[in-house]
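# sequence-free structure coming up:
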């Protein structure tokens, strides 16, 4: 067969002709369809497909990571507790009596180690002990003196939350107690029966000092409440319930847990009631009164019983209500208190728990990162097989003499922002508002941010007028000193500024989410006599 001519046969792919002298001998690139580039002798490089595969892999990893984070931003201990530990009841502090009705209490800041979980003890702080404090109790009209000694290695303060008292005795950032010093405020109790509390209030360190364990209840009695025949035997049918969330490391030491995407601060994954983990309380009466205090740094609770039984709300922050309010659930933000009465049957057990509080946030992740998807068993009530009879709750309680809107001489507006109020962060010397003593004012508090906030003014208790123009629910019908303000909502309150004035000693107002407060969400007001000169800045006002 003749050899085919390479120039005539189209199948022949012989060598290229020699290029002219001086020309590049590199073979030209050839394109094989759109997006495919190859060199002679190599397979096409399919880069768009490889890029797409890589992007899909990254997206899958991100989705998996977000799913993991999402699944770990909620906690539930419902059904997990055995309620093995008897509830600790903080002892009533024993005062010394001086003069006619002067009660003298001695409190001492201490550090130490507390047995909270099985295993190693936890490093904690307390008053007259290593965790929490004895409960203080006094009556309207009593003069009290409280000697507070600091045995810690750093300065601190002690604020009487909800107390109507002179500013120099308030225990805010201006009344600092240096290590080794004793601070002895004195005042006369002049407010209705209620459940108050006390805690450190050192600017920039409030959250840390409270988280270490320093807090206690202060119960005020008066003749009107005493005449109601309510459950009132402390530790028997009148139980303090101090609710705190904490996190612990593998050695049982406190850790500060802040979930991913959270903007509210520390959210613990374990609950302590009066410093007790996994607690139960023995109930020996048909009705039991629970004085519930949210002493957590940032967490909100939605209180209810496991069987959704009704309970009666008889008191809030500032005192006993006009009438009992029947509820099946109740939201409490940090610093708020509620006195509830619940009935039990012989031999039964029921669990007080918190279930997914509605925070009303406008975050793209919803309430979940800030604890809105969390549920906890708090405390088991164990009724005895035979119960002592309790007097029925009265239909009416006490008169609530709130001022009317027409009584207000001024309306002030407060905007809660991102670690600031009214666009300003806290300044120890700046006076933000000046109020005239013995007048009533309306305060409008707006949460102008996506973060959950609350609002607590010192000195006063207030009545809630409306929330976004709507009548407040029955559980907000009594005196308050702390209120939750959800994002994009406005709460209007009215209060009297009675009895105490001092142009040189300010009171605080602030968000009671403690990390927000420490970051600068706080301001100051002074109360002055009519005609007094308006103060400018104030010096550090130790009392």
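Cool, the structure landed. Keep in mind that this is a model prediction, so the values were computed, not measured.

# contacting residues around the residue nearest to residue 327 when sequence neighbours are not counted?
Nearest non-adjacent residue to residue 327, counting by Cβ to Cβ, 6 or more residues apart in numbering: residue 313, 5.6 Å away. In this view, the C-beta of every residue, glycine as well, is placed from N, C-alpha and C. Applying Cβ atoms under 8 Å, 6 or more residues apart in numbering to residue 313 gives the contacts 321, 324-327, 330, 338-340, 474-475.

# what's near enough to touch the most centrally placed residue in the chain?
Using Cα atoms, centre = their mean, the residue of the chain that lies closest to the mean C-alpha position is residue 298, 2.7 Å off. If you count contacts by Cβ under 8 Å, 6+ apart, residue 298 has them with 264-267, 334, 370-371, 513-515.

# of those - the most surrounded one?
Within the contacts of residue 298, most neighbours by other Cβ atoms under 10 Å means residue 513, with 30 neighbours.

# nearest residue to that one other than its sequence neighbours?
Using Cβ to Cβ, 6+ apart, the closest residue to residue 513 is residue 298 (4.9 Å).

# give me phi/psi at that neighbour?
Main-chain dihedrals, residue 298, degrees, to the nearest 10: phi -140, psi -20.

# need the residues that contact stretch 413-421.
Under Cβ under 8 Å, 6+ apart, the answer for stretch 413-421 is 422-423, 425, 432, 443-449, 451, 453, 455, 485, 509-511, 516, 519-523.

# counting only strands, which of the contacts of residue 313 make the cut?
321, 324-327, 330, 338-340 (DSSP state E).

# which one among these gets closest to residue 393?
Nearest to residue 393, judged by Cβ to Cβ, of the ones in strands among the contacts of residue 313 is residue 324 at 5.4 Å.

# now name the helix or strand holding the spatially closest residue to the closest one that is not a sequence neighbour.
Residue nearest to residue 324 in three dimensions, not counting chain neighbours: residue 312, with 4.1 Å by Cβ to Cβ, 6+ apart. Element membership for residue 312, per DSSP states H and E: strand 311-316.

# roughly how far is that strand from the heart of the chain?
Between the centre of strand 311-316 and the centre of its chain there are 20 Å (Cα atoms, centre = their mean, to the nearest Å).

# sorry, back to before: closest to residue 102 among the ones in strands among the contacts of residue 313?
Nearest to residue 102 among the ones in strands among the contacts of residue 313, counting by Cβ to Cβ, is residue 339 at 27.3 Å.

# what about that closest one, neighbour count?
For residue 339, using other Cβ under 10 Å, the count is 26.

# mind giving me the domain split of this structure?
29-71, 85-388, 405-528 (automatic domain parsing).

# any chance of JSON lines for those domains, columns distance to residue 539 and mean pLDDT?
Output for these, formatted as JSON lines (distance: least, Cβ to Cβ, whole Å; pLDDT from 0 to 100):
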{"stretch": "domain 29-71", "distance to residue 539": "48", "mean pLDDT": "52"}
{"stretch": "domain 85-388", "distance to residue 539": "9", "mean pLDDT": "96"}
{"stretch": "domain 405-528", "distance to residue 539": "7", "mean pLDDT": "97"}
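
# ranges for the strands of the stretch 301-450 of the chain?
Counting by DSSP state E, counting those that start in this stretch, the stretch 301-450 of the chain has strands at residues 301-305, 311-316, 319-327, 330-332, 337-343, 349-355, 375-388, 408-416, 433-436, 439-447.

# among these, which is nearest residue 134?
Residue 134 lies closest to strand 337-343 among the strands of the stretch 301-450 of the chain, at 17.7 Å (Cβ to Cβ).

# each with direction, which strands does that closest one pair with?
strand 287-294 (antiparallel), strand 311-316 (antiparallel) (DSSP bridges).

# would you map the helices across the stretch 401-543 of the chain?
With helices called from DSSP state H, counting those that start in this stretch, the stretch 401-543 of the chain shows them at 514-518.

# what about the residue nearest to residue 324, neighbour count?
Using other Cβ under 10 Å as the criterion, residue 312 is surrounded by 19 other residues.

# can we start the residue count at 21 from this point?
Okay, residue one is now 21; in that scheme the one you just asked about reads as residue 332.

# what bridges to it?
Under the criterion used (DSSP bridges), residue 332 bridges to residue 346, residue 361.

# what's the spacing between it and residue 227?
Per Cβ to Cβ, to the nearest Å, residue 332 is found 33 Å from residue 227.

# wait, residue 431 touches residue 464, no?
Yes - proximity of residue 431 to residue 464 meets the contact threshold set by Cβ atoms under 8 Å, at 6.5 Å.

# tell me which of the two has more neighbours.
Applying other Cβ under 10 Å to residue 431 and residue 464 shows that residue 464 carries more neighbours, namely 15 against 12.
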